[in-house]
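Novice: using only what follows, build the 3D model:
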Amino acid sequence: MPISSMQRVSIVAHRKKEAEILTLLQDLGVLEIAVEEGFTLEGEKPPVATEEIERTLGEIRYCLDFLERYRQDKPSFLESFFPKPLEVTKEEFLQCRFHHSPVYRACASLEEQLNGIRTALNRLMAHLEFLSRFEHLPIPLEDLGETRYTRSILLEIPPEKKAHLESKLQERGSLWFCETFPSRGRNVVVFLVVHRDFLPHLEEILQEIGATPVVLPQAFEGTPREASERIRVRMAELVRERERLLGKAVLYARFERDLKLAHDYYASLLERRRKEQEILHTRETVVISGWVRAEDIGKLEQSLKALGNEWVLFVRNPQPGENVPIDLRNGSWTRNFEVLTRLYGLPNYWELDPTPFLAPFFFLFFGICLGDVIYGLILALLGFLAPGFLKVPEGTKRFFHMLGWGGVASILVGMGTGSWLGDTFDYLPKALRAVTSFKRSLTIIDPITNPLPMLIFSLLLGLVQVLVGLFVSFVKEWRRKNYASAIMDQLGWFAFLLAIVAYIGSTQFALLKPFALPFLVGTALFLVATQGRQKKNPVMRVLSGILSLYGVISYLGDVLSYSRLFALGLSSSIIAILARTLGVLFGSSPYIGWLIGLLVALLFNVFNLVMSSLGAFVHSARLQYVEFFTKFYENGGKEFQPFSYRTKYVKVQ
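Specialist: Numbers count the residues shown, from 1 in each chain. All right, here's what the predicted structure looks like:
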């Protein structure tokens, strides 16, 4: 069945068996430990300390992050997305006792030194940038400031203010001296020396012309050029020291495997300690409660027997309204589409799993949106072969397989619509005319020359999915024993929409004419009679029923949304035709025109494949979420997460 049947279990055992049972449960990975609501025991509950494990785990993560930042052999683009796990035996994993503290202290020390060098280089770079504005100044910077009788300052002002400054100085007296030097940019540097008695006048003058003295960021020695040279020498020393430290950091990469193994070991240990907090205790016993798949009850019981007989296993079925975890169990083909359900949200345990219903529709919709044989072949090969090369996790593998099946659907639709890289196969050389003839023999609908049949087909698919959604909603309400809602709402609208289709079809099919109109009128009257049943006033009841027929507009809008399938498939074929046309156009140029034309066609087709595949996924998923799920689906379930070894880097064999 799509949703695994779950059972609530409680293991009551002697306290001395607690550690053994937890180890067994972690090995089995079949029980999600969860305290039953409202169930408590009076007795001692030993405190579970996790601070030390959390600190250790944090230090190991710090070391791994440090090695990742400074490693020389950077992972490839694909490896960064799909890292290969370390394969270790269970014995090696459980016996991990790597002493990480020396590595952590060394990494922390190196990080501190590298950060210090980085800060110093940034500061020196800022000083160098500052001094570059005064590199033409021949005056030692330590001479700036105050003496017993004078004060010397630097001003950086526009050239036009220089004359204004000298004019103001001359008006106040002669106890000053200034000299001008070029600066970077359009400003000039003014070296100004004044007598101490002239300082009040100087402050007034600087305020009048809007100038402020240059403030040196630190006490430099020598001229700006000499100070800059010393800074460059110091920066070179720091760079050499940084390279030495980086070389030392690389050496710690040899501990990467041990650190990853230790990380997952302590992560699993932390998981165990946290689960211990959910175990109930008395003075002599422990109660471990949780959820198990019904099919695993026998396996759990047999494993417990190996520990002796100091335990009792209680099993019961879930109670209505109980928050039961979800474990989706679909067939080998359908499970590839579970990613769509997970993206939207898992179903409640008491609801239907929508995956079997959406899978065939998504498969077909994706194929219509991409709709090309060659594109579909490439996507299918990528989806089915890539997981084997990349060794991706199971969830990612299913996503790739879903894309692969989308490619298969695209091949089938492309054959029916005659799209093989657009119309490229119509222009094959004479030696390959047999391929062209084969392609044309498979074509059923050509949406380029006659788009209307494909549009109608897309809308009919939408109508079918809307009807399926209503039927699933009918089944759901019937299972809940909401018989009135199931018949009067879901089945009523299902029949009314079918009646509309039959009435429209009667204009083309004489067989439908005798009963199409009576069927339509009868279903409409049924809705009028039932949709206002909550109203107590008979008049309001009838009016509400009549107004409810306006809901057909909403269903019409839902069906029209499926026209996007036709639009996306058509755009994919047109862009492929454009790629072929541009390739021929550029390829007609002399000399290397053939190469340019080939590259243009290749780039356009790659772009079209990527964008059309993305559009096919997004819009096909949108139709499931917005038009289909809204008819019956209620999410809100939580995934079944059995107590086991939680690993990030390691795969325990």
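
Novice: contacts, neighbours, all on C-alpha from now
Specialist: Will do.

Novice: quickly find the element holding Ile153.
Specialist: strand 150-157 (DSSP states H and E).

Novice: pLDDT below threshold where in this structure?
Specialist: 1, 38-48, 76-82 (pLDDT under 70).

Novice: buried ones in the helix or strand encompassing Leu377?
Specialist: Per DSSP H and E: Leu377 is located in helix 373-390. Residues 373-377, 379-384, 386-387 are the ones in helix 373-390 that count as buried (16 or more other CA atoms under 10 Å).

Novice: and the helix or strand just after it, what does it pack onto?
Specialist: Next along the chain after helix 373-390, taking DSSP H and E as the criterion, comes helix 394-417. If you count contacts as 3 or more CA pairs under 8 Å, 6 or more residues apart in numbering; DSSP states H and E, helix 394-417 packs onto helix 338-344, helix 355-370, helix 373-390, helix 433-442.

Novice: which among these is found nearest to Arg283?
Specialist: Smallest distance to Arg283 across these (CA to CA): 42.7 Å, for helix 338-344.

Novice: in the closest one, which residues are buried?
Specialist: Quick answer for helix 338-344 (16+ other CA under 10 Å): 338-341.

Novice: in CSV: those, plus distance to Phe519.
Specialist: As requested, the buried residues of helix 338-344 are arranged in CSV below (distance: CA to CA, whole Å):
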residue, distance to Phe519
Glu338, 38
Val339, 40
Leu340, 37
Thr341, 36
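
Novice: hang on, the earlier thing: contacts for the strand holding Ile153?
Specialist: For strand 150-157, the external contacting residues (CA atoms under 8 Å, 6 or more residues apart in numbering) are 143-146, 187-196, 211-214.

Novice: hmm, 7 Å instead?
Specialist: With contact meaning CA atoms under 7 Å, 6 or more residues apart in numbering, strand 150-157 is reached by 144-146, 187-196, 211-214.

Novice: list the buried residues of stretch 570-588.
Specialist: 570-584, 586-587.

Novice: likewise stretch 13-25?
Specialist: 13-15, 17-18, 21-22, 24-25.

Novice: stretch 565-573: how far from the chain's middle?
Specialist: When C-alpha coordinates are averaged (CA atoms, centre = their mean, to the nearest Å), stretch 565-573 and its chain have centres 27 Å apart.

Novice: just the residues contacting that stretch, thanks.
Specialist: For stretch 565-573, using CA under 7 Å, 6+ apart, the contacting residues are 365, 368-371, 419, 422, 447, 454-455, 458, 608, 612.

Novice: okay, now the domains of this protein?
Specialist: Following automatic domain parsing, one gets these domains for the chain: 6-46+277-316, 49-131+224-267, 145-215.

Novice: output stretch 392-408 as CSV, nothing but the C-alphas.
Specialist: Only the C-alpha atoms of stretch 392-408 are listed here, as CSV (Å, rounded to 0.1, in the frame of the first residue of the first chain):
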residue,chain,number,x,y,z
VAL,A,392,24.0,9.8,-4.9
PRO,A,393,21.7,9.2,-1.9
GLU,A,394,18.5,7.3,-2.5
GLY,A,395,16.3,10.5,-2.5
THR,A,396,18.5,12.2,-5.1
LYS,A,397,18.6,9.0,-7.1
ARG,A,398,14.8,9.0,-7.3
PHE,A,399,14.8,12.6,-8.4
PHE,A,400,17.2,11.7,-11.2
HIS,A,401,15.0,8.7,-12.2
MET,A,402,12.0,11.0,-12.2
LEU,A,403,13.8,13.2,-14.8
GLY,A,404,14.7,10.1,-16.7
TRP,A,405,11.1,9.0,-16.9
GLY,A,406,10.3,12.5,-18.0
GLY,A,407,12.8,12.0,-20.8
VAL,A,408,11.0,8.8,-21.8
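
Novice: endpoints of stretch 93-108, how far apart?
Specialist: 26 Å (CA to CA, to the nearest Å).

Novice: buried residues in that stretch, which are they?
Specialist: Across stretch 93-108, burial judged by 16+ other CA under 10 Å covers 93, 96, 100, 103-104, 107-108.

Novice: let's have the residues you listed in JSON lines, adding distance to Ala502 and secondary structure.
Specialist: Listed next are these as JSON lines, based on distance: CA to CA, whole Å; DSSP: H, G, I helix; E, B strand; the rest coil:
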{"residue": "Phe93", "distance to Ala502": "66", "secondary structure": "helix"}
{"residue": "Cys96", "distance to Ala502": "70", "secondary structure": "coil"}
{"residue": "His100", "distance to Ala502": "74", "secondary structure": "coil"}
{"residue": "Val103", "distance to Ala502": "76", "secondary structure": "helix"}
{"residue": "Tyr104", "distance to Ala502": "75", "secondary structure": "helix"}
{"residue": "Cys107", "distance to Ala502": "75", "secondary structure": "helix"}
{"residue": "Ala108", "distance to Ala502": "76", "secondary structure": "helix"}
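
Novice: let me have these in a markdown table, extended by distance to Leu154.
Specialist: Below are these laid out as a markdown table (distance: CA to CA, whole Å):
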| residue | distance to Leu154 |
| --- | --- |
| Phe93 | 68 |
| Cys96 | 66 |
| His100 | 56 |
| Val103 | 51 |
| Tyr104 | 50 |
| Cys107 | 46 |
| Ala108 | 44 |
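
Novice: tell me the one among those nearest to Ile279.
Specialist: Nearest member of the buried residues of stretch 93-108 to Ile279, counting by CA to CA, is Phe93, at 25.0 Å.

Novice: I'd like to know how far that closest one sits from Ser588.
Specialist: From Phe93 to Ser588 the distance is 64 Å (CA to CA).

Novice: what about the helices in the stretch 51-200 of the chain?
Specialist: 51-70, 77-81, 90-94, 101-131, 159-172, 199-209 (DSSP state H, counting those that start in this stretch).

Novice: what residues are up against Cys96?
Specialist: 262, 265.

Novice: if we use 10 Å, what do you get?
Specialist: Shown in contact with Cys96 (CA atoms under 10 Å, 6 or more residues apart in numbering): 258-259, 261-266.

Novice: list the ones among these that fall in helices.
Specialist: Applying DSSP state H to those, the entries found in helices are 258-259, 261-266.

Novice: leaving out chain neighbours, which residue sits closest to Ile448?
Specialist: Leu570 (7.2 Å; CA to CA, 6 or more residues apart in numbering).

Novice: work out for me the element that neighbour sits within.
Specialist: Going by DSSP H and E, Leu570 is part of helix 563-587.

Novice: and that helix with helix 373-390, angle?
Specialist: Going by axes from the mean of the first three to the mean of the last three CA atoms, to 10 degrees, helix 563-587 is angled at 100 degrees with respect to helix 373-390.

Novice: report all helices and strands that the helix or strand that helix 563-587 is followed by contacts.
Specialist: Using DSSP H and E, the helix or strand that directly follows helix 563-587 along the chain is helix 593-622. Contact partners of helix 593-622 among helices and strands, from 3 or more CA pairs under 10 Å, 6 or more residues apart in numbering; DSSP states H and E: helix 338-344, helix 355-370, helix 373-390, helix 394-417, helix 563-587.

Novice: against Arg329, how distant is Arg398?
Specialist: As judged by CA to CA, Arg398 and Arg329 stand 13 Å apart.

Novice: ok, Ala524 next?
Specialist: 40 Å.

Novice: re earlier: reformat the domains of the chain as CSV; add distance to Gln624.
Specialist: As requested, the domains of the chain are exported to CSV (distance: least, CA to CA, whole Å):
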stretch, distance to Gln624
domain 6-46+277-316, 27
domain 49-131+224-267, 28
domain 145-215, 62
